[in-house]
Structure formats: structure tokens, C-alpha cells
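Engineer: I'll drop the sequence and a predicted model, then ask my questions.
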Number of protein chains: 2
Amino acid sequence: MVKQRPTISDVAREAGVSKGLVSFALNDRPGVAAGTRLRILEVANEMGWRPSLRARSLSTDRAFALGLVIARDPDIMSGDPFFPAFIAGVETALAPVGQSLVLSMVQSEEAEISSYRQLAAHGRVDGVILSDLRRDDPRIALVNELGLRAVTLGHPDAASPFPAISVDDSPGIRAAVAHLADLGHQRIAHVAGPSRMLHGVRRSNSFASVLRERGLVDTLVVETDFTAADGARATRELLALADRPTAIVYSNDVMAIAGLGVAQRSGFEVPRDLSITGFDGSDVGAHIYPSLTTVTTAVQDWGRQAAELLLRVIAGEDSDDIELAPAQLLVRESSAPPETNTTTTTAP
Amino acid sequence: MVKQRPTISDVAREAGVSKGLVSFALNDRPGVAAGTRLRILEVANEMGWRPSLRARSLSTDRAFALGLVIARDPDIMSGDPFFPAFIAGVETALAPVGQSLVLSMVQSEEAEISSYRQLAAHGRVDGVILSDLRRDDPRIALVNELGLRAVTLGHPDAASPFPAISVDDSPGIRAAVAHLADLGHQRIAHVAGPSRMLHGVRRSNSFASVLRERGLVDTLVVETDFTAADGARATRELLALADRPTAIVYSNDVMAIAGLGVAQRSGFEVPRDLSITGFDGSDVGAHIYPSLTTVTTAVQDWGRQAAELLLRVIAGEDSDDIELAPAQLLVRESSAPPETNTTTTTAP
DNA sequence: TAGTTTGACTAAACCGGTTCAGTTGGAAAA
DNA sequence: TTTTCCAACTGAACCGGTTTAGTCAAACTA
């Protein structure tokens, strides 16, 4: 004798009304006498009734879940503090309303596409969060075509039917460069993210614009794929230049840490011989030596608000773009004035 | 005129048979003539019919999804290479069979419990992967009681109704300690994970047993919560000892990197004055200076096989415990022989 | 007072599958 | 030839909700 969980019919029978009326009462719809509604709620409550998500899903054609497809190599993911914090934020928005996050982690663009297709075909989610926007991002049209709702993290480079929720990187990057320039650095390099990615491009643009404003060289830019290995490679290239930079601005903390490793290995002392800054505000960055000057954003809050926005979009409510607090510079030990006579120094 | 996706009734009508027969044909059940089955499949195919997950979910009482609840602070998560790789592995097992991963990231034990309750109550998943096992882990009884199927990563410390899929940490830790001892280290410390966590305990035990076998001091153990900050704290404590260790074995890479920072900040040169080893085989570890000697496991494979095992359990198939390839030592630069006369040296 | 409106409620269809109890027709057995 | 049996197939119930059309009595209008 297994005790089955009660269904809406059980509640109806117990309350002496019809199934439909119970549904009405529980969904706060008009047409139910106040007394009856109260009695129904009471009965439902004492029977411990919970609506069946599956039945609701079928009859209302909704999934009560959001999707997130991450297309990155696990190697890049590991060490990157963004997604864990972001997902934790998403969770804080979903848990209270009984919704869930369906996560998919893929490693190729084809797998990414088919992942969205599957989510849509199966009706697994009502909407998705589009992260890591790329130039001419094909996902926007795809997701729209598949009939999914969505929000984008950051503004796409073309018209989009979806609201964007953004954190402006510019102030952070500008502050980092300004900080280095104020310290006296003349040759500041940038180890950038992939130029296919919009935030990579935006950070590069901010970088370049500050340098131009200050009349400094803005040609020391190396593009990477965001991995530690590529950050190391970029650093080696920059340090091998005849006119090597005295400061390097990295597009993420992992690369900055790898770059620090390369510099130290080559005999440069940081920050005496080379200043470096990261981007992420990762936890480890605070504990390496020297601790990493970096740019931080409130990632968890971003996750929470992105999920809330998407829920609103799905509910058909207002859905204006949201602009969150911009990225901020966090000065630590890895940045200092250049040694006045080391501008053209190569490895000791 | 929106083109609706065809339902099983459409297929039945088109093929001139009943709904039920179409269902039988599509699920490869006996009682359908070969010719008829073929025709039905053909019709379904050319109509582009896909079964509705929601309808199947309701009628078969299954979710076609697995759950993973991660209970960690985002700070610990960031930098930890385990979950990204693990999840990527899970995905490779799920995508081909049209199943999904429902992920929940929580920050307290209460939230964790209620997360499992919600997954079960909503019938969101058919089974869950239990990671980061603790002593007397309450989740095993809970999940069982909730009627969910499960697999555990590693063997729990009590009887469990669920199969375990494990990677033996011991050989890795033993190899790391042996490696250091072989190099001539006499005072080897361990910066351990939380003793509430079973893998933390197991690593500590392996550590202690090798030392005893070799007749070395096994008292240099500091427990941490796995964060970079706590790893740094532990390192400071160890280095402040009168008889400071000449080598430290860390329970994860993040703490090892933080420990390296502390050592360098205190003027110790690694590995000349202090050898360190990590645990994880994280990507950054290979790029810092000196590169980190560490212990690696095939995490992505673990994820894939854990998901496959859970799918089998859910399908009611065989479900024996699985033992994967044990952890392996990866020797890099951060370990070297101790300076013979520095055993009792304090900070330079 | 008769006709109309309205609020409260019921019955049944519906979402799109699965499953089970019957029905049918043809081949094998008697 | 008649009976029996079985494979092939149908129709309907079912999963647990939502939604729509329709019933009914009381309240309101004319």
C-alpha cells in the first residue's frame, strides 16, 4: 500500500467540487466564490497536494526551466571564475519560483547548435541565456527561429529581438590602463581575448581608445583564445620584442597568472620590471605573489538578474535592456611604476 | 497559418492505423506486422514527427534528465577544474540519448536538501549524481527516500543502495609523497581538505600511511576548507613552525598555488627552499612559475561514465560499482631535493 | 411578472503520448 | 468443415493538469 501523492481529482472529490474549479481556485482565477476558494485551498493544503509539473507542462506548453549552453573547452572553463558564480546567481533567482536550470556544456560550434535545437525540440526550456556573444552571432537568429525566448549577456552587434543585460567592461579596462599610465608606463600591451567574441573586441577597443587619448603606443596587442597556454605564448612574444612593454593588460585572470609565470621564468621581477593586470577578480589572483591587480564585476548578481529578466520575458512582461554596475579596477601588487631605465631592457 | 509539429495522431491518420499501433511501432514492440511497422516509420519520418517529451514524461512517469546539485561556495568553485570537466563529460553521455542535465548550485546545506526535494517533488530528474561525499552523508538516505535513483562519486562510508563510481586518489597521493621522500625530504606536510568530506579524509589517510611506512613525521597536517585563502593560511602556519616542512602536499591545485604565493612572499624559493605538490592537474598549474607538480585524474571520463552508469541504473540494468583509472602523479618543477642544510632554516 | 444578465459551478474536451482490454481475420488443428 | 488459436490491430482509458462550453439559480432589468 504505497501512498500516492494526491492529484487534483482527489482534492476535488474531497472538497466536493469539480476538477476544473479546483484548478481555478489554485490559479487565482475569477469565478470562484470566496468561501469555496478558501475551502479548496484548505483541503489541498491538508492533503499535501502539489501540482504535477509534468501535467502542467503538457497542458500549458511550458517547461518551467531555463537553459544555458556553454560552448567552451573544459580547459578554458577550469580556472575561469565566471560561470560558477554566474550559475550560482541564476540559481538564487530560480529556486524560489520552482524553476530549474538545464545546463549543456559543449565543445564545438556544431554541438552548440544542435544543443539549442534539442532544447527547443524537446521543449526542455522556455528560454535561454546567451552568453559569450560573438560577432554576427548565429545563435540569435537560431534561437528566435526555434521559438525560444532569450536574453543576451551584453549587447549583440546587430538588431536582436531579445533584451540585453550588460556589464560595461570599458570603465574597468580604461581604469586599468589609466592606472598604469598614471604610474608612468609608456608601453602598455594588451593580451586580448578572441576577436570573434564581442566582449573581447570591446575590451580591445576600450584599451586602444585610452591609449590614443593619452598619446601612447597602441600597437602592442596580441590576440589569444583565453587559455592559460595562449596567454603564456602571448606574453613570451611581447617580452621578446626589442621595445618590450613595461606593462601588460590581460583579458582574464588565468592568462595574467600564466603571463606572470612566463615573466618570472624569464627573470623579470613583477612588478619591478613588468606590471600586469588581469580581468575577472578571481579568488586565486588575490593569493599569488605578487597579488594580481585586476578588474572585477559582480558576476553572481549578473546571473541572478539575467535569470529574473528572462523569467519576465517568458511571462510576457516588460523587458527593457538592463545595464548593471560597470566593471571596477582592483589595485593590488602586480602593478607599480616602471623602473625609469628599464624601458628598453630585455631579460636580465 | 502556423505549421504545427505533427503529433502521433497525425501520423496514425496518415498511415491509416490507430494511435496505439503507431506507438507500438515506434517503440519496437512486438505485435506489429513488419510491413506495417515499416510504413509507419516511413510516414513518421517524412512528416518529421518527433515524440513530445512532455507527453512521454506524463504518461511514462519519467523525466529523461539527470540532476547534479553542487553545494559549494562560488569562491571555491572558481579555479576548481573539477566540475567544468566533469559536466562536460556528463554531457557527452547525455546528448546522444536526448537526455539533459539539470544543474543546481547552492551555498548551504539546507538549500542543498531542499534542492533535492524539489527535484524529486517536481519529477524534474530520474536520478542524481552525488558528488563530494561527506561522512555519514545525509543525502544518501534522503535521495533514496525521495525515490530517486543515484550514483555516488566514490564509496560512501556506510551501506548505500546506489552504485559507486570511483577514482582512487591513494596511488596519486602516495606517489606524490613517495616522490618527495625519494628526493630526500624528511618533513613533509599536508594541507588537507575538510575532514567532513570523504575524499579529504581518504587523501589524508593515504598521506599518513606512506609517511609511517617510511618512518617519517606524519604530524604536519593542516585542515582547510579548500579555498585559496585557507590554503594560504595553512601554508603560513606551516612555514612559521620551528621545524618547518621542506615539502608540502596540497589537496588541490588552487591551494597549492596560493601556498606558492605565500612561500614566495615570505622569501622562500620554490623548489629550492620548499617543494610543493598540488592535486587536480589544473591548466594554470602548468603555466605558473615554477610549474606545479600535481596529481591528475581523468575527470571528463569520470563524468561520462558516471552519467552512463546512472542511465543504466535508471533503466533497471546492471549496476555494479565501477573503479576507474587511479590518480596519477605529474612531476613538474615545483618539487626538488631539499637543500641539505635548510631543514631548520626559517625565512631568509 | 417575464425576460435578461450574471456569478458559481460542472462536464467534458484537450495536451500527446502509453497501455490494456477487446475485436478481427486468417491459418492451423480437429 | 468446424473449431481453435494467435498475430495484428482498434478503441478507449489513462497520466494530471488546464480550458472551454454549457447548466443553473439568483439577481437585475423592463
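Structural biologist: Structure's in. What do you need?
Engineer: those helices in chain A, which residues are they?
Structural biologist: Assigned by DSSP state H, the helices in chain A fall at A:8-15, A:19-26, A:34-47, A:53-60, A:74-77, A:82-94, A:109-121, A:138-145, A:170-182, A:198-213, A:228-240, A:253-265, A:299-314.
Engineer: packing partners for the third one?
Structural biologist: Identification of packing neighbours for helix A:34-47 by 3 or more Cβ pairs under 8 Å, 6 or more residues apart in numbering or on different chains; DSSP states H and E yields helix A:8-15, helix A:19-26. Every C-beta, even on glycine, is put in place using the N, C-alpha and C of the backbone.
Engineer: got the contact list for A:I188?
Structural biologist: Counting by Cβ atoms under 8 Å, 6 or more residues apart in numbering or on different chains, A:I188 touches A:177, A:180-181, A:211, A:216-217, A:220, A:245-249.
Engineer: Of those, just say which sits nearest to DNA strand C.
Structural biologist: A:V249 (53.2 Å; Cβ to the nearest atom of the strand).
Engineer: pretty sure that closest one contacts A:L180?
Structural biologist: Yes - in terms of Cβ atoms under 8 Å, A:V249 counts as a neighbour of A:L180; the distance is 7.2 Å.
Engineer: which residues are in contact with both of these two?
Structural biologist: Contact with both A:V249 and A:L180 is made by residues A:188, A:277, according to Cβ under 8 Å, 6+ apart.
Engineer: shouldn't A:A336 be in contact with A:H185?
Structural biologist: No - shown here, A:A336 and A:H185 do not form a contact pair, counting by Cβ under 8 Å, at 9.6 Å.
Engineer: The two: which is more packed in?
Structural biologist: Remark: of A:A336 and A:H185, A:H185 carries more neighbours, 24 against 19, as counted by other Cβ atoms under 10 Å in any protein chain shown.
Engineer: pLDDT at the nearest residue to that one once chain neighbours are set aside, what is it?
Structural biologist: Spatial nearest neighbour of A:H185, excluding adjacent residues (Cβ to Cβ, 6 or more residues apart in numbering or on different chains): A:A247 at 4.3 Å. Looking at A:A247, its pLDDT is 97.
Engineer: my read: A:A247 touches A:S335, true?
Structural biologist: Yes - A:A247 lies in contact with A:S335 (Cβ under 8 Å); the separation is 7.1 Å.
Engineer: The two - which one has more neighbours?
Structural biologist: The residue with more neighbours, out of A:A247 and A:S335, is A:A247; 29 against 24, by other Cβ under 10 Å.
Engineer: Return the distance of that one relative to A:M255.
Structural biologist: As for A:A247, its distance to A:M255 is 15 Å (criterion: Cβ to Cβ, to the nearest Å).
Engineer: ditto for A:P74
Structural biologist: 17 Å.
Engineer: of these two, who's got more company?
Structural biologist: A:M255 (33 against 21).
Engineer: give me the number of residues near the spatially closest residue to that one that is not a sequence neighbour?
Structural biologist: Nearest residue to A:M255 in three dimensions, chain neighbours excluded: A:G231, at 2.6 Å (Cβ to Cβ, 6+ apart). A:G231: 32 surrounding residues under other Cβ under 10 Å.
Engineer: residue contacts, the residue of the stretch 101-250 of chain A found nearest DNA strand C?
Structural biologist: As assessed by Cβ to the nearest atom of the strand, DNA strand C sits closest to A:G123 within the stretch 101-250 of chain A, at 9.2 Å. Taking Cβ under 8 Å, 6+ apart, we find A:G123 in contact with A:57, A:61, A:63, B:52-54.
Engineer: restrict the residues you listed to those near DNA strand C?
Structural biologist: B:52, B:54 (Cβ under 7 Å from any atom of the strand).
Engineer: List just the nearest of the contacts of A:G123 to DNA strand C.
Structural biologist: Of those, the one sitting nearest to DNA strand C (Cβ to the nearest atom of the strand) turns out to be B:S52, at 3.4 Å.
Engineer: check contacts around the closest one.
Structural biologist: A:58, A:123, B:7.
Engineer: Looking at those, which is nearest B:V97?
Structural biologist: Proximity of the contacts of B:S52 to B:V97 (Cβ to Cβ) peaks at A:G123, which lies at 17.0 Å.
Engineer: What separation do you get for the closest one and B:A44?
Structural biologist: 18 Å.
Engineer: Repeat that for A:S23.
Structural biologist: Distance from A:S23 to B:A44, by Cβ to Cβ: 33 Å.
Engineer: neighbour count winner among the two?
Structural biologist: Between A:S23 and B:A44, counted using other Cβ under 10 Å, the more crowded position is B:A44 (22 against 18).
Engineer: ok, back up a step: okay, the contacts of A:I188 in a markdown table with distance to DNA strand C next?
Structural biologist: As requested, these are exported to a markdown table (distance: Cβ to the nearest atom of the strand, whole Å):
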| residue | distance to DNA strand C |
| --- | --- |
| A:V177 | 55 |
| A:L180 | 59 |
| A:A181 | 61 |
| A:L211 | 57 |
| A:L216 | 62 |
| A:V217 | 62 |
| A:L220 | 58 |
| A:P245 | 60 |
| A:T246 | 65 |
| A:A247 | 60 |
| A:I248 | 56 |
| A:V249 | 53 |
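Engineer: Counting neighbours, which of those residues end up buried?
Structural biologist: Buried residues within these, counting neighbours by 16 or more other Cβ atoms under 10 Å in any protein chain shown: A:177, A:180-181, A:211, A:216, A:220, A:245-249.
Engineer: tell me the phi and psi of the closest residue to DNA strand D within the stretch 101-250 of chain A?
Structural biologist: Proximity of the stretch 101-250 of chain A to DNA strand D (Cβ to the nearest atom of the strand) peaks at A:G123, 13.6 Å away. With angles defined as degrees, to the nearest 10, A:G123 sits at phi 60, psi 40.
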